[in-house]
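>>> Sequence first, predicted coordinates after that:
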Number of protein chains: 4
Amino acid sequence: MSTYGTLFRVTTFGESHCASVGAIIDGCPPGLEISAQDIQIQLSRRRPGQSDLTTPRNEKDLVQLQSGLEMGVTLGTPIALLVRNEDQRPHDYTETDLYPRPSHADYTYLEKYGIKASSGGGRSSARETIGRVAAGAIAEKYLKLAYGIEIVAFVSSVGKVHLPAGMAPPSLSPINPDEEDDTAHDALSKDFVTLLGTISREEVDKHPTRCPHPETAERMTKRIIRAKNAQDSIGGTVTCVIRNIPSGLGEPVFDKFEASLAHAMLSIPATKAFEIGSGFRGTEVPGSQHNDPFVRDASGGLRTATNWSGGVQGGITNGENVYFRIGFKSPATISQAQETAQYDGTPGSLATRGRHDPCVVPRAVPIVEAMAAIVVMDQLLIQNSRKSAATLLPPITTLPPTMVLQKTLKVEQTPKDS
Amino acid sequence: MSTYGTLFRVTTFGESHCASVGAIIDGCPPGLEISAQDIQIQLSRRRPGQSDLTTPRNEKDLVQLQSGLEMGVTLGTPIALLVRNEDQRPHDYTETDLYPRPSHADYTYLEKYGIKASSGGGRSSARETIGRVAAGAIAEKYLKLAYGIEIVAFVSSVGKVHLPAGMAPPSLSPINPDEEDDTAHDALSKDFVTLLGTISREEVDKHPTRCPHPETAERMTKRIIRAKNAQDSIGGTVTCVIRNIPSGLGEPVFDKFEASLAHAMLSIPATKAFEIGSGFRGTEVPGSQHNDPFVRDASGGLRTATNWSGGVQGGITNGENVYFRIGFKSPATISQAQETAQYDGTPGSLATRGRHDPCVVPRAVPIVEAMAAIVVMDQLLIQNSRKSAATLLPPITTLPPTMVLQKTLKVEQTPKDS
Amino acid sequence: MSTYGTLFRVTTFGESHCASVGAIIDGCPPGLEISAQDIQIQLSRRRPGQSDLTTPRNEKDLVQLQSGLEMGVTLGTPIALLVRNEDQRPHDYTETDLYPRPSHADYTYLEKYGIKASSGGGRSSARETIGRVAAGAIAEKYLKLAYGIEIVAFVSSVGKVHLPAGMAPPSLSPINPDEEDDTAHDALSKDFVTLLGTISREEVDKHPTRCPHPETAERMTKRIIRAKNAQDSIGGTVTCVIRNIPSGLGEPVFDKFEASLAHAMLSIPATKAFEIGSGFRGTEVPGSQHNDPFVRDASGGLRTATNWSGGVQGGITNGENVYFRIGFKSPATISQAQETAQYDGTPGSLATRGRHDPCVVPRAVPIVEAMAAIVVMDQLLIQNSRKSAATLLPPITTLPPTMVLQKTLKVEQTPKDS
Amino acid sequence: MSTYGTLFRVTTFGESHCASVGAIIDGCPPGLEISAQDIQIQLSRRRPGQSDLTTPRNEKDLVQLQSGLEMGVTLGTPIALLVRNEDQRPHDYTETDLYPRPSHADYTYLEKYGIKASSGGGRSSARETIGRVAAGAIAEKYLKLAYGIEIVAFVSSVGKVHLPAGMAPPSLSPINPDEEDDTAHDALSKDFVTLLGTISREEVDKHPTRCPHPETAERMTKRIIRAKNAQDSIGGTVTCVIRNIPSGLGEPVFDKFEASLAHAMLSIPATKAFEIGSGFRGTEVPGSQHNDPFVRDASGGLRTATNWSGGVQGGITNGENVYFRIGFKSPATISQAQETAQYDGTPGSLATRGRHDPCVVPRAVPIVEAMAAIVVMDQLLIQNSRKSAATLLPPITTLPPTMVLQKTLKVEQTPKDS
């Protein structure tokens, strides 16, 4: 349904032609300073009309905070926010009233609800994600202030144009095709590891495609323009990294960290695929090479020498960078004519008028970041509850020392990032 | 946590060395005939010791039903079931007490809970999935009887050994690498579509690898034996199809069908990747070729001519076959020595003794089927509630006819599969 | 937290001095015709300034629908609505900044959140209930149209002024005080039963106290005026009946019908007590007199001859009228001086300025009705799902006929109230 | 359904004639030492056959722990436990197959599920509460060790036999009946306050009725024996106090502390009424007398001079003792003949054979304590999460100091009860 989360709960509302879209964010920690500007930054990265790679619709998407704050500080009560829909004109009845758009939600919304919004796909509209992005911005503010957590997403491919193998996520890196040869697996390249460790939003935003590799970004641009000119569309992938994330997040067995992350990511419109760490490529690498060995870190604790796991082991974060990749299909709404059938089965040709994104991945970047922040926030609140609770118990005396790690029972009392 | 589902709720319990593992299944429809044998079939497909490709541990895994049934018929009350752990011997303290196994859950469970089971990874044990498989068998029985739904999973790759391109899922099919050429996308091959439409569990079980292509199955066997002999391990992928699934399932915006499916699949141990329909490959195919056009079906309704969408559009099933692929990493526990560090940071070499699966995908097949059944069951119950509720309302008179589909408001009163 | 419900989910937001208050209603059946007026009627019954028995604050409380509807018909997607706060002026700092009001939420909100809204009790404001009342009006519209369900609440006592024993709820009726005498229990009077069966909102609204007995209403008025004149406050009870409610609602074991109802009612501000059916009085009546015997009803089914149970047995509705009573304490905010202590412990005298309700029960009537409607709606959707699911199964052949009631497996396809 | 709780989640299973009854407790803090004996103590206080006031059925109810512990210490993973049903003999078909027992769950279970267990009321059996009591014992152990929280319930009335007015809960204390006289409200007597502050389980268990006032206990015994001899039954009330409970518990607006408590209590079989603090009586007392003034406590903080509120204000605990009262109706199953109707409507006389409790309140005492512990535990975990989260934020500088209470943001690191 339209609510996500256990302790940090986001409930969104709104279609593309109603009065407004928005969200209620419940469970935000009290005492967090939040301004409309904190939220607006991400909304503006998501909004249409940013560049000639996106739909020419130009909506300001100004957020209006309704509740849960006083003098810019969260009260711990639900934060409601909304963004007015500027385009509420009565729908002009056209082909889309006769035809369900192929691979769009028109048909399935009608099958599900027995009724459809005049705009067709109801909540499958990209405008639905405004509430998510706003909620994510609030989560991010907390995560940054309290833990120094950084979340950065970027475009890793558009159509067949990928980041160069040397700096691409494992699944985009070719490996030795010889079935019998286990030796040469360098899919997790050093350049990619460096990219994950250093990439910033500023750098991502330098190019309208939000691909951090300038040369590839140029080729992506060409690919998108080619789709646009052909009244066609093209898909792509977004890769995201979460840095400074504490270990211990994820709730086995059903709400493992990667399970919650996959849930959140595949709830974003147009997504069809998710992988974490080495992902599908990792299935081809023998355990002896895929395992991430432990080493002592600077502070005397453990960390891993490699990170094929993507920061998650056994469904629980291990403190390394979490990284994952999401596949976005080519947008269903295209202007070129398609042979298809009307709702009543009559065959015909549909050419959808209107202003559409030829490729959604540049605008998907802040949505991916938002959903990542929401997942981390919710899992963090649950794990902190457990840690606090365990802290108050007397020391365990009946178990061998190797089975007990007293240090993890402490909830840290000072921000990591200060 | 350990509960999945809104109306069909599965709560599992158990580690590898405790008294038993099992589950409570709440919300099962009353009046369903279930026998222990219905459940045992799938448990036996999951259990270790089935062939020389799996761990030599040989546990019978006999299910004991505790509640919720009378004379073999469900009462609608919670069904509790358990399977005794045969191997409850006190853990012999070995290297695994000093070393967290690389890429295993030993370290992260300790970070999360501040305490660890002597068996190491606690609930990350494969035995945890017994409760899921049993719950899935109950869901499947209902889905089969009430809707004729069929769920079949099979092994689509082991290491670099894949099903032949012509009959493989889209992501495993090579496409024209020319970035500029959009024309030749035959990734969704006819043979694969046929395979999805006809594959049965009997056929899948003909070979111990559970790969339905005999020649590939042989190569997979060799690959697994090679890993076993090298005291190493290897990953793979499982592909699953859901047939006869009604349209209208999936709960936007956060519990879209594929989001719930991804959540469920990535909660299975050792999974790192999920894709539905054309998945990652679909991101490379232009919308004009990727869209599934509508055609009138035999009964006068609509269906799609192709199925790149994998049976889901806008997060809602469209009545076509749902198919998806899951990536399982190479098992972390291997017997060959690994250079790593002890809990206290001391570097050293760990060679894990014991009996381990060199490759989990053959045994993962019934687990994937079970989680798929649980997701479908839960979403079906929610959607049926909506349909029933809408049926009781007076006809909508104020909307244009194209916006209303009265037929979908009926809950069918007769099983599809009779 | 701020969300109630499993399938019919209400999430509210808003404090008394923020921009707006409101709610998101998720899971409303599609195809329901709803107008702002349907909602406004109940909001207006709740708003302040209705009579000289309530606070002189006069707010219009006009609802603004944001989403989930098109041309007045629900789409099945979330319905967001809000009511602007007219009184957003900056809080004038007064005694209430120094003193936590005794028995108000000022102190506990500060203890809980470590921060408090300038208005003091944050979400404990009566304005929070606006979202509930709006959501309830939507639920009621559905319940009326689809099932003919009628929900009517009324004031049964103010201070020590109660409905006359002959027509009062059981707990307000005196019984024979002789401990040894079990014989004379007429607490469930015929007049009360008649009242439950016939009372309408029109009748309730004839008097500003919302007490349906004119003479008692007059005495209640005097009691309230006396409290008002003394700068004091007084409590009271509200009794509510739900008519035409289907049997089978309630989800054992934790979400029994009365448990969910109690939860919902005691989430209303200022409530301290709940009882269903014979309530506390019923504990004094022997089983032989308290049990409700079955009789054949006109249609050949069963109903009960009496209704001490209040329409619920074993946590599940039996089709009889559900009735219950809720106790509202005397409002904490009073203008007369109170000896108490400041936040820092300094003793002193607090006389709260401002406009307060001397008695909340007349305005609580639509809030009680709203929460009742929300509970019924949610439970109904869950039970309908079960019924639909069971309907699709083959007939049960292995059980004796007395154990199976096929008729209950049918979801009725026509409204009861047509 | 059969799961209660957000972070501390209890899922129960089992009917009276199935193999076993029990529960899965998920979310228990790791590192808690628990023995079977900790649980058995409360199970034995609940079991039948304790005295001649209860059913002569004599079941040992020995708990079997299945998972979630190692060497007596919780791992943080789900704790499964079960108690075998000794009485699994095939149901002997008798009158109860023809007749639904009046006011029992036989009829409503059939209406709900369309099928009924041979034992009749399915999960309405008192044996269902075994899982709750076991879960509550675990929660209590934690609450006692970590916070010094004490939960004690006792019988406050049986039929018309009540605790003497001077030491009874407010609703059981008579007040001045003069409507015009507000002055003399001593319903919250000092003796009752003392009783709440000092009562222990040892004292409660001194008499089989579990009434702490010996003389009243004797009268209660006579009342129960009289019901038993008449083949009849009688109800009663249980009062419960929670001491040393932290302030700040309760989750507005829907999961206020008293709302969650009422939900939990009214989910216990045979309950019909709930009140907290002054309850229904409090509705008759003017605000000026009902408000609890603040005073500085020994440690410099605030507490209240009186406690009409029952430890909860605005839905949040204030640190004072929480006390509440629950009404249990007279048991429906009685042996004397009742004029009623068969399932098919045929009128007749039903005399239920078998062994029944003439009065359930003595055995209900540990069940009430268990549900109270479960509610406190769950709310505590949620509030601790909030506190931990707020602690990590930078100090709030933009708000006036009276709006911020930094001390509440600290999670205490040492047990209160040490």
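Received it, and whenever you're ready, just let me know what you need.
>>> show me where chain A has helices.
For chain A, applying DSSP state H gives helices covering A:36-46, A:95-98, A:106-113, A:129-147, A:190-198, A:201-204, A:214-229, A:257-265, A:279-282, A:287-290, A:361-391.
>>> Could you export those to TSV, including columns for distance to residue C:346?
Where you see a C-beta, it was placed from the backbone N, CA and C, and this is true even at glycine. Shown next, in TSV, are the helices of chain A (distance: least, CB to CB, whole Å):
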stretch	distance to residue C:346
helix A:36-46	38
helix A:95-98	69
helix A:106-113	60
helix A:129-147	34
helix A:190-198	55
helix A:201-204	50
helix A:214-229	65
helix A:257-265	49
helix A:279-282	63
helix A:287-290	66
helix A:361-391	32
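>>> and those as JSON lines, adding mean neighbour count and distance to chain D?
Converted to JSON lines, these look like this (neighbours: other CB atoms under 10 Å in any protein chain shown; distance: least, CB to the nearest CB, whole Å):
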{"stretch": "helix A:36-46", "mean neighbour count": "19", "distance to chain D": "14"}
{"stretch": "helix A:95-98", "mean neighbour count": "18", "distance to chain D": "40"}
{"stretch": "helix A:106-113", "mean neighbour count": "28", "distance to chain D": "24"}
{"stretch": "helix A:129-147", "mean neighbour count": "25", "distance to chain D": "4"}
{"stretch": "helix A:190-198", "mean neighbour count": "16", "distance to chain D": "24"}
{"stretch": "helix A:201-204", "mean neighbour count": "16", "distance to chain D": "22"}
{"stretch": "helix A:214-229", "mean neighbour count": "19", "distance to chain D": "37"}
{"stretch": "helix A:257-265", "mean neighbour count": "29", "distance to chain D": "15"}
{"stretch": "helix A:279-282", "mean neighbour count": "26", "distance to chain D": "27"}
{"stretch": "helix A:287-290", "mean neighbour count": "24", "distance to chain D": "25"}
{"stretch": "helix A:361-391", "mean neighbour count": "27", "distance to chain D": "4"}
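>>> Next, format those as JSON lines and append mean pLDDT and distance to residue B:163.
What follows is the helices of chain A, written out as JSON lines (pLDDT from 0 to 100; distance: least, CB to CB, whole Å):
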{"stretch": "helix A:36-46", "mean pLDDT": "94", "distance to residue B:163": "39"}
{"stretch": "helix A:95-98", "mean pLDDT": "76", "distance to residue B:163": "39"}
{"stretch": "helix A:106-113", "mean pLDDT": "93", "distance to residue B:163": "29"}
{"stretch": "helix A:129-147", "mean pLDDT": "97", "distance to residue B:163": "36"}
{"stretch": "helix A:190-198", "mean pLDDT": "95", "distance to residue B:163": "28"}
{"stretch": "helix A:201-204", "mean pLDDT": "97", "distance to residue B:163": "37"}
{"stretch": "helix A:214-229", "mean pLDDT": "96", "distance to residue B:163": "30"}
{"stretch": "helix A:257-265", "mean pLDDT": "98", "distance to residue B:163": "24"}
{"stretch": "helix A:279-282", "mean pLDDT": "95", "distance to residue B:163": "14"}
{"stretch": "helix A:287-290", "mean pLDDT": "95", "distance to residue B:163": "22"}
{"stretch": "helix A:361-391", "mean pLDDT": "97", "distance to residue B:163": "29"}
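>>> Can you add distance to chain C and give these back as a markdown table?
Converted to a markdown table, the helices of chain A look like this (distance: least, CB to the nearest CB, whole Å):
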| stretch | distance to chain C |
| --- | --- |
| helix A:36-46 | 12 |
| helix A:95-98 | 13 |
| helix A:106-113 | 4 |
| helix A:129-147 | 10 |
| helix A:190-198 | 35 |
| helix A:201-204 | 29 |
| helix A:214-229 | 30 |
| helix A:257-265 | 17 |
| helix A:279-282 | 33 |
| helix A:287-290 | 41 |
| helix A:361-391 | 12 |
